[in-house]
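# coords below, sequence missing:
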């Protein structure tokens, strides 16, 4: 299969990010060429992955405290994070301050007063912060992420505290997907070589959702048997990598 442009979106209610991926089944001829390794670029996936890992954006993520979510307080920003991510302050002033404008995942602009004050002095977001907390319905334990792009534009997002959830993460989208693209519809699309869409929310699962073709083809060379123990790699939200051993109990068609 090949991908058409992927749409990166966010739920309006809670800012949970998800991807809408459009897929088109390949013809048997192209599939056979891929299997035979005729197409070049076997190491492209690894090169892209390595490039992504070496890119260090100007960003920081902080878990909110009770003080950060108080209606009468502000958002305390770690010094290194503020100096790396925000435009520089004029420290020659008695009370250095500036106005920050940041866009959220929906393109809405939020204005904050960034001030350096206190004893000892610290970086704070004051005016505008309470409105953001109330609008996004943030609570202690949630996290806020600020990122400054190469163009200097400041963006921010939120990440809800992990909760035990029953059912789909986004019911409205899930129901729409079931109605418009059920498993039967997907099977029919594959058989007729027509396009179909899938939705992916990365938070419920730490496993890879889409893997490189070459990695998939290599997995076909592995011989699995009943009772075999295998290891799987997972990446968690704190960027830690974990490995789990799984015991295969059986197999069925």
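Perfect, I can see it now. These numbers were taken from a predicted model, which means no experiment stands behind them.
# burial count for the nearest residue to residue 60 once chain neighbours are set aside?
Excluding the flanking residues, the one nearest residue 60 by CB to CB, 6 or more residues apart in numbering is residue 81, at 3.6 Å. Glycine gets a C-beta too; all of them are placed from N, C-alpha and C. Using other CB atoms under 10 Å, residue 81 is surrounded by 16 other residues.
# and for residue 128?
19.
# what about residue 190, helix or strand, and which?
For residue 190, the host element (DSSP states H and E) is helix 183-191.
# for that helix, packing partners?
Counting contacts by 3 or more CB pairs under 8 Å, 6 or more residues apart in numbering; DSSP states H and E, helix 183-191 packs against strand 196-200.
# which helices and strands sit right next to the following helix or strand past the strand it packs on?
Next helix or strand after strand 196-200 toward the C-terminus (DSSP H and E): helix 213-220. Here helix 213-220 touches helix 28-36, going by 3+ CB pairs under 8 Å, 6+ apart.
# how does it look with 10 Å?
Applying 3 or more CB pairs under 10 Å, 6 or more residues apart in numbering; DSSP states H and E, one finds that helix 213-220 contacts helix 28-36, helix 44-54.
# after the longest one, next one along is what?
It refers to helix 44-54. Counting by DSSP H and E, the next helix or strand C-terminal to helix 44-54 is strand 58-63.
# partners of that following strand in the sheet?
Partner strands for strand 58-63, per DSSP bridges, with pairing direction: strand 143-148 (antiparallel).
# show me what whichever helix or strand comes after the partner strand is packed up against.
Proceeding N to C from strand 143-148, the next assigned helix or strand is strand 154-159, under DSSP H and E. Applying 3+ CB pairs under 10 Å, 6+ apart, we find strand 154-159 packed against strand 58-63, strand 97-103, strand 109-117, helix 129-136, strand 143-148.
# tell me what the fourth one is packed against?
So the one you mean is helix 129-136. Counting contacts by 3+ CB pairs under 10 Å, 6+ apart, helix 129-136 is packed against strand 75-77, strand 109-117, strand 143-148, strand 154-159.
# now that helix: buried residues?
For helix 129-136, the neighbour count (16 or more other CB atoms under 10 Å) marks 129-130, 132-133, 136 as buried.
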